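Enquirer: Generate coordinates for the sequence data below:
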Amino acid sequence: MSLDAVLAKIDENLPEATERLLNLLRIPSISTDPAFKRDCDDAADWLVADLRNLGADASKRVTTGHPMVVGHVDGDGPHVLFYGHYDVQPVDPLDLWDMPPFEPQVEDTENGQVIRGRGASDDKGQLMTFIEACRAWKEIHGKLPCKITFFFEGEEESGSPSLVPFMVENAKELTTDIALICDTGLFESSVPAITTMLRGLVAEELIIKGPNRDLHSGMYGGIAMNPIRLLSKIITGLHDATGRITLPGFYDGVPELADEIRAQWQNLAFDHTTFLGDVGLSVPAGEHDRTPLEMIWSRPTCDVNGIWGGYAGDGFKTVLPAEAGAKISFRLVGDQDPDAIHAAFAEYVQSCLPEDYTVEFPLGKGSKASQMSVSDPMFEKARKALSDEWPRPASYIGCGGSIPIAGHFKDILGVDAMLIGFGKDDDQIHSPNEKYDMQSFHKGTRSWARILAALSA
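Expert: Take a look at the predicted model:
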């Protein structure tokens, strides 16, 4: 099937495709606010109608929360699933928007045209790149190049409470050869990328309790152990002088980076001084023998996210507090076991406590990392297809955060996911004046057409 004709049709369709996106953006589908429940239903209905225009067998599926949208198109070759979400973040603070957030518009800027409005980048604009690629393919060839399942949810921005139950209940229907997710971005706003590593997370809270009340430091200082002193010792002991985390067994399941991936990352020429300089820093603080991108994407971390104890108000109060606490997070990679890390952390903390002192762990919850198998030939086909559309070659990259849906595809359906997105660092997602570059929308659509052609070849 001719790809060039499909790409030309995408170029021709851009004005109409943009107007379709603007229509979807006008629907205020804020999932976290019950006042917008009807609007979330309307967004789902809009997508069902648009998928049916493509010839998909599409329907709105009821859940305990906002509905899912599922559509199917039969075809030859591989079976791919495309995931996106139609819900958006709240718009507060409204006074910081330069225009009404649900009256989207195309603006001319010094860097080219942008589509401005809530959801433009996260995730309606990204979702529509795939639909528009399918539309152009159907208009040229009368059918899509392979078997496709469309899967859109309406609760991603509010924790996806209905997602896992729905996937479990409909696992057979949703299982495909590969999943495609468009909810990420270009590396440094210019390099196309396939995210293949997502870090997991263990969230800990510890509360150390000692005396039965706050103590006067003049009377008890020195003779009574201060819970804050204990907490400080515990936190300090979590890292050694080289930046490595000291918990026994912590690095079990942490893989070494493949030489091919390391070379791709080196070619990205990541400037860590600029990255840190943007937040007023300059010196990396992680493991001394690792590159900056390794520390962000492929190495585990331990960070204190909050700490409390004693008197923190105005003036001064000379007390030894009865208790002190902290919130600590571990970002996980590879096959690290969240339960084993929680157990090692709890055992370490207990070992630091003297007699009479106790500790509570109110949280201790976690999720595993997700790592995709790039040995699957589909990954390299997609990477080469992306490289053909953009000035710089595409790269496999990691993600310092967590994207739960990718893990759900792996754990529930046994399907790897390719995370391919076209957002830029300055898209202001979740913030006022969110935008999506017209270049991202246009070339993103062309990219999906190329990927579909490559996967179907």
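Enquirer: The lowest-mean-pLDDT helix or strand in the chain: how far from the chain's middle?
Expert: Least confident helix or strand of the chain, by mean pLDDT, DSSP states H and E, is strand 365-367 with a mean of 83. Strand 365-367 has its C-alpha centroid displaced from the chain centroid by 16 Å (CA atoms, centre = their mean, to the nearest Å).
Enquirer: quick one: strands adjacent to it?
Expert: strand 200-209 (antiparallel) (DSSP bridges).
Enquirer: which parts of the partner strand are buried?
Expert: Neighbour counts over strand 200-209 (16 or more other CB atoms under 10 Å) mark 200-209 as buried. Every C-beta, even on glycine, is put in place using the N, C-alpha and C of the backbone.
Enquirer: what's around the closest residue to Leu21 other than its chain neighbours, how many residues?
Expert: Using CB to CB, 6 or more residues apart in numbering and skipping the chain neighbours, the partner closest in space to Leu21 is Met128 (4.9 Å). Met128 has 26 neighbouring residues, counting by other CB atoms under 10 Å.
Enquirer: residues contacting Met128?
Expert: 17, 20-21, 24, 441 (CB atoms under 8 Å, 6 or more residues apart in numbering).
Enquirer: For Asp289, state which of the buried residues of strand 200-209 is nearest.
Expert: Closest approach between these and Asp289, by CB to CB: Gly200, at 22.7 Å.
Enquirer: so how far is Lys365 from that closest one?
Expert: Using CB to CB, to the nearest Å, Gly200 is found at 11 Å from Lys365.
Enquirer: okay, and the common contacts of those two?
Expert: By CB under 8 Å, 6+ apart, Gly200 and Lys365 have these common neighbours: Pro338.
Enquirer: residues contacting the spatially most central residue of the chain?
Expert: Centroid check for the chain by CA atoms, centre = their mean gives Ile403 as the closest residue, at 3.6 Å. Counting by CB under 8 Å, 6+ apart, Ile403 touches 181, 183-184, 195, 198, 370, 419.
Enquirer: The same query, at a cut-off of 10 Å, please.
Expert: 156, 181, 183-184, 195, 198-199, 370, 417, 419 (CB atoms under 10 Å, 6 or more residues apart in numbering).
Enquirer: Repeat that for His442.
Expert: With CB under 10 Å, 6+ apart, His442 has these contacts: 10-11, 13-14, 17-18, 113, 129, 132, 422.
Enquirer: same question, Met219
Expert: 318, 320.
Enquirer: Now it: which helix or strand?
Expert: helix 217-220 (DSSP states H and E).
Enquirer: Follow the chain on from that helix and name the next helix or strand.
Expert: Defined by DSSP H and E, the subsequent element after helix 217-220 is helix 227-236.
Enquirer: buried set for that next one?
Expert: Here helix 227-236 shows 227-228, 230-231, 234 as buried, counting by 16+ other CB under 10 Å.
Enquirer: what pLDDT, on average, does the helix or strand containing Ala454 get?
Expert: Assigned by DSSP H and E, Ala454 falls within helix 438-456. The pLDDT scores in helix 438-456 average 98.
Enquirer: Any buried residues in it, and which?
Expert: 438, 440-456.
Enquirer: and if you look at stretch 315-323?
Expert: Of all the residues in stretch 315-323, those buried under the rule 16+ other CB under 10 Å are 319-323.
Enquirer: now these in CSV, with pLDDT, distance to Trp137 and secondary structure?
Expert: Putting the buried residues of stretch 315-323 into CSV (pLDDT from 0 to 100; distance: CB to CB, whole Å; DSSP: H, G, I helix; E, B strand; the rest coil) gives the following:
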residue, pLDDT, distance to Trp137, secondary structure
Val319, 94, 70, strand
Leu320, 95, 70, strand
Pro321, 97, 65, coil
Ala322, 97, 67, coil
Glu323, 97, 62, strand
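Enquirer: Tell me which two in those are the farthest apart.
Expert: Val319 and Glu323 (11.7 Å).
Enquirer: Strands of the stretch 101-250 of the chain, start to end?
Expert: 105-109, 112-116, 147-153, 178-181, 193-198, 200-209, 215-216 (DSSP state E, counting those that start in this stretch).
Enquirer: among those, which is nearest Asp335?
Expert: Closest to Asp335 of the strands of the stretch 101-250 of the chain, according to CB to CB: strand 200-209, at 9.8 Å.
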